[in-house]
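In: Output the structure for:
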Amino acid sequence: MSDSAKVTDKLLPDLPPPANSTGFIGWMRMHLFSTPANALLTLFAAYLLYILMVPSINWALISADWIGDSRDACTSGGACWVFVYNRFDQFMYGFYPEVERWRIDITFVLLVVLAAWLMLPRMPKKGLVSFITLIIYPVVAFFLLYGGSFGLEVVETHKWGGMSLTLILAIVGIVAALPFGVLLALGRRSEMPIVKSICVVYIEFWRGVPLITVLFMASVMLPLFVPEEVDFDKLLRAMIGIVLFQSAYMAEVVRGGLQAIPKGQYEAAQALGLNYWKMMGLIVLPQALKLMIPGIVNTFIALFKDTSLVLIIGLFDILAIVQAGLSDPNWLGFSVEGYTFVALMFWVFCFGMSKYSQHLEKRFHTGHGAR
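Out: Predicted coordinates:
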């Protein structure tokens, strides 16, 4: 018997996989060209991307004009980003006085620092930073933006605008709508008939009214219910309308998460002697909020995009500022560039929220409900 035919009890090393089944080539074979039909669909999709993307990239980047002082600088036939370049400060700050714009910069830099501190997992003293962010920071931001104290010039809210106003409306709406929505959801699931009825009526009423109507009524009707000597700021009215509207949608998202928690969790908390608020705060809500991350972020994204509706009550967010710029006789005919810029700004923030929500889902995933 030859040596090659001998039987051995030793394990032979694993053979490497075929070269065409690993790496980028293997991924393409598995996902794009696994069958003849998939191969045809892949080639057709690639052709569509080619005929759509190549002209778009050429218009937006390659043949575009970027820097100049007037529309005369746009001579290449591509996108005229000179329009955005010349009005960028106005798109960001609205009509805020130029010499005072450092106050907006400081306000948002502080917010970014505090938010980054809370988002990074290993940063210390997050409880203290959360208190500063939710209680102290709003007061500091108000005095920085509005002024009137510490030698700062008063800047009326009708001068606020652009991307800064969009962010202010979105942040206030997000921060206020979430806790209010949680309370409404708990009230709707309450066993007290009066509390439950009030929450049900509130939620169904606000969910049945479009936001554009809410903003219009907040601007026109709300001042009728306050004393004449009280000056109810237009921006404050818009914030109240947005919070009231979005909290109803948030309440239904939270209620869905609460219903997904098994009944045994409630019974276990009651068996430990926990009262209602401790049961909700320590046992139920932490589990429910983990399940509600996609729905909550989806509501936040919708809120962020809905801020553009404040135009109807005379507030100039970034979309309204761009539209006002397009009416300038010196820049007529560049609406595509203006609206593309607005769409890009909205996409950046919405995509950022979406990606962060995916990060939170992976971070807090504990296999709840897995079988």
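In: Low-confidence bits of the chain, can you list those?
Out: Flagging of the chain using pLDDT under 70 yields the residue ranges 1-8, 12, 14-23, 228-230, 366-371.
In: Mind jotting down where the strands sit in it?
Out: Here the chain has its strands, by DSSP state E, at 161, 316-317.
In: Contacts for the first one next, please.
Out: Which is strand 161. Contacts to strand 161, defined as C-beta atoms under 8 Å, 6 or more residues apart in numbering, come from residues Tyr93, Gly94, Phe95, Tyr96, Leu315, Phe316, Asp317, Ile318, Ala320, Ile321. C-beta here means a position set from N, CA and C on the backbone, and glycine is covered the same way.
In: Save those residues as TSV, and put in neighbour count and distance to Val175 too.
Out: TSV is the format used below for those (neighbours: other C-beta atoms under 10 Å; distance: C-beta to C-beta, whole Å):
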residue	neighbour count	distance to Val175
Tyr93	22	22
Gly94	25	21
Phe95	17	25
Tyr96	21	22
Leu315	24	19
Phe316	22	23
Asp317	26	18
Ile318	24	20
Ala320	21	23
Ile321	25	24
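In: which of the residues you listed lies closest to Phe150?
Out: Closest approach to Phe150 among the contacts of strand 161 (C-beta to C-beta): Tyr96, at 17.8 Å.
In: For the closest one, what are phi and psi?
Out: With angles defined as degrees, to the nearest 10, Tyr96 sits at phi -60, psi 140.
In: Going forward, count from 44.
Out: I'll keep to 44 as the first residue from here, and by that count the last item is Tyr139.
In: Not including adjacent chain positions, what is the nearest residue to it?
Out: Leaving aside its chain neighbours, Tyr139 sits nearest to Lys202 (5.6 Å; criterion: C-beta to C-beta, 6 or more residues apart in numbering).
In: Can you list which of the contacts of strand 204 are found in helices?
Out: Within the contacts of strand 204, residues falling in helices by DSSP state H are Tyr136, Ile361, Ala363, Ile364.
In: Would you check which pair of the residues you listed lies furthest apart?
Out: Tyr136 and Ala363 (13.5 Å).
In: Tell me how many other residues surround Ser192.
Out: Residue neighbour count, defined by other C-beta atoms under 10 Å, stands at 10 for Ser192.
In: Likewise for the one 5 residues further on?
Out: Taking other C-beta under 10 Å as the criterion, the count of residues near Val197 is 10.
In: can you tell me which residues contact it?
Out: Residues near Val197 by C-beta under 8 Å, 6+ apart: Tyr189, Gly190, Gly191.
In: again, only this time at 6 Å
Out: Going by C-beta atoms under 6 Å, 6 or more residues apart in numbering, Val197 touches Gly190, Gly191.
In: quick check: longest helix of this protein.
Out: Ranking each helix of the chain by length (DSSP H) puts helix 378-407 first.
In: Next up, the contacts around Thr342.
Out: Applying C-beta under 6 Å, 6+ apart, we find Thr342 in contact with Tyr292, Met293, Val296.
In: Pull out the buried positions in stretch 319-335.
Out: Within stretch 319-335, the residues that count as buried by 16 or more other C-beta atoms under 10 Å are Met322, Met323, Ile326, Val327, Leu328, Gln330, Ala331, Leu332, Lys333, Leu334, Met335.
In: Apologies, that question was intended for stretch 181-196.
Out: Going by 16+ other C-beta under 10 Å, stretch 181-196 has these buried residues: Ala184, Leu187, Leu188, Tyr189, Gly190.
In: Equivalent analysis for stretch 371-387, please.
Out: For stretch 371-387, the neighbour count (16+ other C-beta under 10 Å) marks Trp374, Phe377, Glu380, Gly381, Thr383, Phe384, Val385 as buried.
In: Could you dump the residues you listed into a markdown table and include distance to Phe259?
Out: Converted to a markdown table, the buried residues of stretch 371-387 look like this (distance: C-beta to C-beta, whole Å):
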| residue | distance to Phe259 |
| --- | --- |
| Trp374 | 30 |
| Phe377 | 30 |
| Glu380 | 30 |
| Gly381 | 25 |
| Thr383 | 29 |
| Phe384 | 27 |
| Val385 | 22 |
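In: Kindly indicate which of those residues lies nearest Ser233.
Out: Among those, Val385 lies closest to Ser233 (C-beta to C-beta), at 42.5 Å.
In: all helices of the stretch 144-293 of the chain, in order?
Out: For the stretch 144-293 of the chain, the helices defined by DSSP state H, counting those that start in this stretch cover 144-162, 169-174, 180-189, 205-231, 236-250, 254-263, 277-302.
In: angle of the last one against helix 236-250?
Out: The one in question is helix 277-302. 120 degrees (axes from the mean of the first three to the mean of the last three C-alpha atoms, to 10 degrees).
In: In the chain, which residue is most central in space?
Out: When C-alpha atoms, centre = their mean is applied to the chain, the residue found nearest the centroid is Ile344 (3.9 Å).
In: Now do the same contact list for that residue.
Out: Contacts for Ile344 (C-beta under 6 Å, 6+ apart) come out as Cys393, Met396.
In: Check which helices and strands the longest helix of the chain is in contact with.
Out: helix 336-349, helix 361-369 (3 or more C-beta pairs under 6 Å, 6 or more residues apart in numbering; DSSP states H and E).
In: how about 10 Å then?
Out: For helix 378-407, the helices and strands in contact under the criterion 3 or more C-beta pairs under 10 Å, 6 or more residues apart in numbering; DSSP states H and E are helix 125-129, helix 131-136, helix 144-162, helix 205-231, helix 328-334, helix 336-349, helix 361-369.
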